[in-house]
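A.B. asks: Pasting the sequence and the predicted coordinates here, then a few questions.
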Amino acid sequence: MSTKNAIITLPNPHLRQRSRRVGLITQEIIKIAEDMISATLDWEDSREHELGVALAAIQLDKDLRIIVIRSNFDDKNDHNFQVLINPEITKFEGELVEDLEGCLSVPDIYGKVKRYEKIRIKALNLEGKPIRHSVEGFLARIIQHETDHTNGIVFIDHIKDQKDAFFKLKPDGELESLSYEKYIRNNHDLW
């Protein structure tokens, strides 16, 4: 079965629900993680100007606390991903930094979101071994974004009242500012 078009998008209400913890890492859990990676790469193949860097299981309509994160953000041909089971941010550190974010479940819309520049995270890997990381920069942003997904939060929820924070990806790969009143505030597909 192809995973093309398997990523759910807003207004699907499942994206607003908390995901369940994974109790035991079974072959089914491993298969879900593999499907998540395939879906991310399939999505990326259909997008000329975007890179699929991460995905949460809920984006494949699986309400489990699993996220996959691309190992190398600079090489579209590197298809290695790290899998985090039951990821939990244990500490937020540093300043809040505003930067653009997009989401495979919110097609063509980007937003300026504030995230902590450093975090500490704990999770399990696919072998069930505990891992702890201190991360910063873009990776910290990605983990905060994906962990939000496991809690039923989409990046636009952080900026819903900020009129100048929304952008649309144009066919040429450039971003243009979106009219909050015209495209965002009353767009029932987003809220």
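C.D. replies: Looks like it arrived, so ask away. Residues are numbered from 1 along each chain as shown.

A.B. asks: what packs against the helix ranked longest in the chain?
C.D. replies: In terms of residue count, the longest helix belonging to the chain (DSSP state H) is helix 27-45. In terms of contacts (3 or more C-beta pairs under 8 Å, 6 or more residues apart in numbering; DSSP states H and E), helix 27-45 is packed against strand 54-56, strand 66-70, strand 81-103. Every C-beta, even on glycine, is put in place using the N, C-alpha and C of the backbone.

A.B. asks: for the residue positioned nearest the centre of the chain, what are its contacts?
C.D. replies: For the chain, the residue sitting closest to the mean C-alpha position, by C-alpha atoms, centre = their mean, is Glu146 at 4.1 Å. Contacts here follow C-beta atoms under 8 Å, 6 or more residues apart in numbering; on that basis Glu146 touches Ala54, Leu55, Ala56, Ile67, Ile69, Pro87.

A.B. asks: So, low pLDDT: which residues of this protein?
C.D. replies: Applying pLDDT under 70 to the chain flags residues 1-5.

A.B. asks: now the closest residue to Trp191 other than its chain neighbours: how far from Phe92?
C.D. replies: Using C-beta to C-beta, 6 or more residues apart in numbering and skipping the chain neighbours, the partner closest in space to Trp191 is Lys160 (7.3 Å). From Lys160 over to Phe92 the distance is 21 Å, taken as C-beta to C-beta, to the nearest Å.

A.B. asks: what pairs with the residue nearest to Leu100 when sequence neighbours are not counted across the strands?
C.D. replies: Once flanking residues are discounted, Leu100 sits nearest to Tyr110: 5.0 Å by C-beta to C-beta, 6+ apart. Going by DSSP bridges, Tyr110 is paired in beta bridges with Phe167.
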